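In: I need the structure of the sequence given here:
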Amino acid sequence: MIVYKYRSASKEILERELISLENNYFWASNKNELNDPHETTVGYQNFLNTAYFYLH
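Out: Predicted coordinates:
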C-alpha cells in the first residue's frame, strides 16, 4: 500500500515525520476534521467487481 502524506517543510515538522517513519508510526486526522469532504472518498465499484470475479 502506498500512502502519501503532505506536510510543510519546517525543520520541526520534518524531524517529527522522520521519527514517525523510523518508528513505523503513522498519524492521520479523523475524517471529520479534514477540510476537503472528498479526501476520504473511495471508489469501491472496482473493488466489488474484482471481488465478484474472484469469488465466482
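In: Just the helices from this protein, written as ranges.
Out: Assigned by DSSP state H, the helices in the chain fall at 11-22, 45-55.
In: How far does the longest one sit from its chain's centre?
Out: Going by Cα atoms, centre = their mean, to the nearest Å, the spacing between the C-alpha centre of helix 11-22 and its chain's C-alpha centre is 17 Å.
In: weakest of the helices of the chain in terms of mean pLDDT?
Out: With a mean of 82, helix 45-55 has the lowest mean pLDDT of these.
In: roughly how far apart are residue 48 and residue 40?
Out: 18 Å (Cβ to Cβ, to the nearest Å). (Each C-beta comes from the backbone N, C-alpha and C, glycine too.)
In: still on that earlier bit, looking at the helices of the chain, which is closest to residue 35?
Out: helix 11-22 (17.8 Å; Cβ to Cβ).
In: Just the CA coordinates for that closest one, please, in CSV.
Out: This file holds the C-alpha atoms of helix 11-22, laid out as CSV (Å, rounded to 0.1, in the frame of the first residue of the first chain):
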residue,chain,number,x,y,z
LYS,A,11,12.7,21.7,10.4
GLU,A,12,10.5,20.8,13.4
ILE,A,13,7.8,19.0,11.3
LEU,A,14,10.4,17.3,9.2
GLU,A,15,12.2,15.9,12.3
ARG,A,16,8.9,14.7,13.7
GLU,A,17,7.9,13.0,10.5
LEU,A,18,11.3,11.3,10.2
ILE,A,19,10.9,10.0,13.8
SER,A,20,7.5,8.6,12.9
LEU,A,21,8.9,6.8,9.9
GLU,A,22,11.8,5.3,11.9
